[in-house]
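Visitor: Starting from these lines, generate the structure:
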Amino acid sequence: MASLQASTFLLSSSSKQIHATLSVPKLPSFGFSVPKVPLPSMDLSTRDGFINTIPLEKNAISSPLVHDSSSVSMATIQLYAMLESIADRVEMHHNVGQQRENWNTLLLNSINMITLTAATMAAVTATGGAGASVFGLKVTSTLLFSAATGLLVLMNKIQPSQLVEEQRNATRLFKQLQREIETLLAIGSPCKEDVKDAMEKVLALDKAYPLPLIGVMLEKFPESLEPTVWWPKIQSRKPNKEKHFNGKVESNGWSEELEMEMRQVVEVIKRKDSEDYERLGNRALKMNKVLAASGPILTGIAALGSASMDSSNAPWAAIIAAVAGALASAVNTLEHGGQVGMVFEMYRNNAGFFKHVQESIESTLSESDMDKRENGELFEMKVALQLGRSLSQLRDVAKRSSYSRMEGSAIDEFASKLF
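Guide: Numbering: from 1, shown residues only. The predicted structure is shown next:
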């Protein structure tokens with residue numbers, strides 16, 4: 001009994017101590033109330049097995065700020081997608097250019113070897129021999145000359161060296177467009193107009209430098225040189241108001257002096273650069289036409305001479321076949337080894353370059369609203385760099401052109417120092 005009473009006393013005392021330890025004094029109450037914030041309506045509808053507790057804010061979706069940011073983001077995404085496509089085109093044109101350069105080398109060497117082998121056989125026949133040996137050499141050389149004629153017709157039709165130059169130009173221009181888009185993405189916020197402009201440039205390049213050989217291959221022997229056009233058609237602007245310059249400099253870096261300078265540069269390009277390259281291109285075209293027709297004609301004459309060889313007239317027919325075959329080999333080497341087709345394509349592309357510069361300047365000057373133009377100082381610098389000149393040299397060319405027009409004399413200087 002004594003032990004039970006002791007344990008009961010200990011438990012009661014410990015509970016009192018714990019109760020005393022955990023007791024907290026009451027804090028005084030303050031007289032203010034917190035207003036109730038209305039909670040947004042919660043959509044507890046289920047979708048795909050999940051409870052949707054996010055409120056739908058229709059006004060936020062249709063906000064103009066969100067709409068603008070989404071449109072800019074979409075334009076940026078589209079330009080990046082276009083960059084991937086352009087990079088793929090650069091690789092395609094580079095690979096196809098290497099392939100066609102191999103065609104030019106292999107076909108040139110193969111046709112020359114075939115032609116020279118047949119000419120050697122015909123020359124051996126001219127030295128005389130038995131009937132069986134003459135017949136064997138006659139058949140072999142005739143077949144070789146006929147094969148060389150067919151291969152020459154095919155090679156002159158497609159002009160591999162000219163195709164290679166087309167792919168080089170396409171690769172360079174696609175890389176240039178790629179850098180333009182990368183610069184636009186780096187320094188500015190692109191818009192839908194930038195996407196449309198880039199798309200038109202890609203399609204114009206595809207049309208100017210096609211990859212297939214059948215159906216859409218560029219004409220290799222046109223009547224006259226036509227400059228290559230690899231840019232979209234520039235819409236001509238009609239001035240809707242007369243321009244007035246208040247002092248030396250108007251808005252956006254343009255002045256009356258700068259406009260006159262650009263007009264004189266256009267005149268120099270028309271009268272000197274464009275005319276000179278069109279003249280040289282037409283000469284290269286005529287030379288290429290003559291060589292392309294001469295090669296198959298000579299190998300055809302050699303094939304006929306080789307087929308006419310027999311025991312009675314073997315020396316004369318064999319000599320004709322051998323001489324025609326040697327001349328055909330020389331003509332083929334001059335045409336395709338000298339890459340006359342590539343030279344013509346180079347002139348045609350250079351003429352296109354000057355036409356592009358000319359149209360760019362004329363289109364910019366036709367815009368009457370100065371604020372819609374490209375900055376005048378920046379535009380002048382771009383034109384000077386395209387023509388390979390400094391700003392002072394470009395202004396000197398414009399002044400000389402103006403003086404020559406007033407005096408009625410011809411200008412003796414080209415606008416470009418690059419080509």
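
Visitor: all contacts plus neighbour counts: C-alpha atoms, from now on.
Guide: Will do.

Visitor: how about the strands of the chain, start to end?
Guide: Ranges of strands in the chain, per DSSP state E, are 46-47, 50-51.

Visitor: For those strands, which has the smallest mean pLDDT value?
Guide: When the strands of the chain are compared by mean pLDDT, strand 50-51 comes last with a mean of 38.

Visitor: What distance do you get for Glu180 to Met381?
Guide: Glu180 sits 16 Å away from Met381, going by C-alpha to C-alpha, to the nearest Å.

Visitor: swap in Ala307?
Guide: Counting by C-alpha to C-alpha, the gap from Ala307 to Met381 is 66 Å.

Visitor: And the two? Which one has more around it.
Guide: Ala307 (22 against 15; other C-alpha atoms under 10 Å).

Visitor: Averaged pLDDT, the longest helix along the chain. What do you get?
Guide: Of all the elements of type helix in the chain, the one with the most residues (DSSP state H) is helix 64-126. Across helix 64-126, the average pLDDT comes to 86.

Visitor: which regions of the protein sit below the pLDDT cut-off?
Guide: 1-73, 128-133, 235-250, 311-314 (pLDDT under 70).

Visitor: Helices along that one, start to end?
Guide: So, for the chain - with DSSP H - the helices run 2-22, 58-61, 64-126, 131-158, 160-187, 192-208, 256-268, 275-307, 314-332, 340-365, 376-386, 391-407.

Visitor: quick one, which of the ones you listed is nearest to Ile234?
Guide: Among these, helix 340-365 comes nearest to Ile234, with 7.2 Å by C-alpha to C-alpha.

Visitor: Distance from the chain centre to that closest one, please.
Guide: 14 Å (C-alpha atoms, centre = their mean, to the nearest Å).

Visitor: who does that helix touch, helix- and strand-wise?
Guide: helix 160-187, helix 256-268, helix 275-307 (3 or more C-alpha pairs under 8 Å, 6 or more residues apart in numbering; DSSP states H and E).

Visitor: Can you check which of those helices gets nearest to His356?
Guide: That would be helix 256-268 among those, by C-alpha to C-alpha, at 10.9 Å.

Visitor: who touches the closest one?
Guide: With C-alpha atoms under 8 Å, 6 or more residues apart in numbering as the test, helix 256-268 has contacts from 245, 248-249, 358, 361-362, 365, 376, 380, 394-395, 397-399, 401-402, 411, 414-415.

Visitor: For stretch 307-318, measure first residue to last.
Guide: 9 Å.

Visitor: go on, stretch 367-378?
Guide: End-to-end for stretch 367-378, by C-alpha to C-alpha: 16 Å.

Visitor: Done for today, thanks.
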